[in-house]
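Colleague: Coordinates for the following, if possible.
(one chain, ligands or ions: 1)
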Amino acid sequence: MSYLQHPVSEDRPVRVALIGAGWIGSFHAESVAHRIPNARLDAIADPALPAVEALASRLRVGKISADPADVISDPEIDAVLIAAPARFHSGLIAAAARAGKDVFCEKPGGRTIEELDEALEAAESAGITVQFGFNRRYAADFAAARRLIDGGSVGVPQLLRSLTRDPGTVAGIANPDRIPPGTIFLETLIHDFDTLNWLNPGAVPVRVHAIADALVAPDAKDGGLLDTAVVTVTYSNGAIAVAEANFNALYGYDVRGEVFGSAGMVTAGGPQATSATSYTAAGIGADTVRLNVDLFHDAYTAELAHFVDAVKARRAGVPGPATPGPGGTDARNALAVALAALRSAETGLPVDVASVAELRAAEPEFHPVGDGA
Ligand SMILES: NC(=O)c1ccc[n+]([C@@H]2O[C@H](COP(=O)([O-])OP(=O)(O)OC[C@H]3O[C@@H](n4cnc5c(N)ncnc54)[C@H](O)[C@@H]3O)[C@@H](O)[C@H]2O)c1
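Modeller: Presented below is the predicted three-dimensional model:
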């Protein structure tokens, strides 16, 4: 253990600093402050200081800074929660690791395999815990699907499917010019690539073929926007997967997964807010979920609670959660598929994942029957 890493006793909460207090960072900040008893939000860093001041005052956080280096070097902080824009992730992971902080980082871990590898090497040398924000693994329905797969309900996976339809409006995508090129693969479909990898345990993605276009905002295509994509992924066990995404679903936020195999099929997800369904003269109706922080409210909380439990256990020198959170291998495997998909969409040709990175399958996970996480 580094001299910079404070042991955490049974009764002391893990002291967390948030880096990046935008859309998802603010939600995570509320989770740490109000929904995770083993953690305490002690500091927030974001160059947009007025927004930080408002969040800090609402959540009664004492330390704020415009510079992430301040919270990373703070000896009173145990762990950082990185929710800054993707281009800063790998540098922030490496800096936090060198300071002995445990790291929860939103996806993607980096924008290239090289920069992610540098960050993961720094984390490994420091011996810290690193977990990435692949929250779908913590959604009750997706976790149940994985347990069914582990229990043999599907047999040998043959066809997999994962989709993301981000909520939209009739006015279309707000500020399409401000969406960085590659976002649909690196920040949206990366969730689907991780889900597919995770629902096909023991296999690695081998070949990727992607088709993408700007169908929602065609005028932004020349600026690099892609808002609609379909990606096929073939796996080392022969399974064939399809991932698809669109940025403007008028009916709400729609995330689904499916695994079909030699013994059956499991499905998970969907946009319905509850199972209440109305049957009237007008037809059949149901409310839909509109925001990611509503659909994944509990999953976002569960992933952070899991991270905090792992940090607390490591620092206390006691056994941690039985199932590891999504770590460096998972972040790397999903990023490799995303980068292969980006290249395939540009060239129109299939891309071997090995040409992007040599991958290894993530460690098999332990999923006791009935384990809700
Ligand atoms: N897991 C999920 O479901 C999920 C959902 C939304 C966003 N995300 C990811 O979270 C990250 C942030 O997304 P967002 O939608 O919250 O973006 P956002 O633009 O709303 O927030 C980003 C924040 O980071 C701040 N920032 C800019 N540069 C910074 C720096 N160098 N250091 C610290 N903070 C800095 C900005 O001022 C802003 O407040 C992205 O990587 C995104 O892909 C994940």
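Colleague: For Gly252, give me its contacts.
Modeller: By C-beta atoms under 8 Å, 6 or more residues apart in numbering, the contact list for Gly252 reads Pro167, Pro271, Ala273, Thr288, Val289, Arg290. From N, CA and C alone the C-beta is placed, and that goes for glycine too.
Colleague: Please repeat the previous calculation with a cut-off of 7 Å.
Modeller: Counting by C-beta atoms under 7 Å, 6 or more residues apart in numbering, Gly252 touches Pro167, Pro271, Thr288, Val289, Arg290.
Colleague: and if you look at Lys101?
Modeller: Ile72, Ile77, Asp78, Ala79, Val80, Ile128.
Colleague: Can you tell me, leaving aside adjacent residues, what's nearest to Gly224?
Modeller: Pro181 (3.4 Å; C-beta to C-beta, 6 or more residues apart in numbering).
Colleague: Number of residues surrounding the one you found?
Modeller: Counted with other C-beta atoms under 10 Å, the neighbours of Pro181 add up to 13.
Colleague: quick one, phi/psi of it?
Modeller: Phi and psi for Pro181, reported as degrees, to the nearest 10, are phi -50, psi 140.
Colleague: so it sits right up against Asp222, yeah?
Modeller: No - counting by C-beta atoms under 7 Å, Pro181 sits too far from Asp222 to count as a contact (11.1 Å).
Colleague: Can you report how many residues neighbour Arg207?
Modeller: Neighbour count for Arg207, taken as other C-beta under 10 Å: 18.
Colleague: In helices, which of the contacts of Lys101 fall?
Modeller: Ile72 (DSSP state H).
Colleague: So which of the contacts of Lys101 sit within strands?
Modeller: Among these, the ones falling in strands (DSSP state E) are Ala79, Val80.
Colleague: ok, and the most crowded of the contacts of Lys101?
Modeller: Neighbour-wise, the contacts of Lys101 (other C-beta under 10 Å) top out at Val80, 29 neighbours.
Colleague: And that one, what's its pLDDT?
Modeller: Each residue has a pLDDT score; the one for Val80 is 98.
Colleague: again with the one 10 residues further on
Modeller: With respect to pLDDT, Ser90 scores 98.
Colleague: Tell me how many other residues crowd the residue nearest to Ser278 when sequence neighbours are not counted.
Modeller: Nearest non-adjacent residue to Ser278, counting by C-beta to C-beta, 6+ apart: Gly285, 4.6 Å away. The tally of other residues near Gly285 (other C-beta under 10 Å) stands at 11.
Colleague: CSV for the contacts of Gly252, including distance to Arg256 and secondary structure?
Modeller: Compiled in CSV, those are given as follows (distance: C-beta to C-beta, whole Å; DSSP: H, G, I helix; E, B strand; the rest coil):
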residue, distance to Arg256, secondary structure
Pro167, 14, strand
Pro271, 8, coil
Thr288, 13, strand
Val289, 12, coil
Arg290, 16, coil
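Colleague: The ligand: which of these is nearest?
Modeller: Pro167 (12.1 Å; C-beta to the nearest ligand atom).
Colleague: Tell me where the stretch 1-150 of the chain is predicted with low confidence.
Modeller: Low-confidence segments of the stretch 1-150 of the chain (pLDDT under 70): 1-5, 9-10.
Colleague: So which bits of the stretch 151-300 of the chain are right by the ligand?
Modeller: By C-beta under 6 Å from any ligand atom, the residues of the stretch 151-300 of the chain that approach the ligand are Glu187, Asn292.
Colleague: ok, for the residue in the stretch 151-300 of the chain positioned nearest to the ligand, nearest residue in space, not its chain neighbours?
Modeller: Ranked by C-beta to the nearest ligand atom, the top residue of the stretch 151-300 of the chain for proximity to the ligand is Glu187, at 3.9 Å. The spatially closest residue to Glu187, leaving aside those adjacent along the chain, is Ala86, at 6.1 Å (C-beta to C-beta, 6+ apart).
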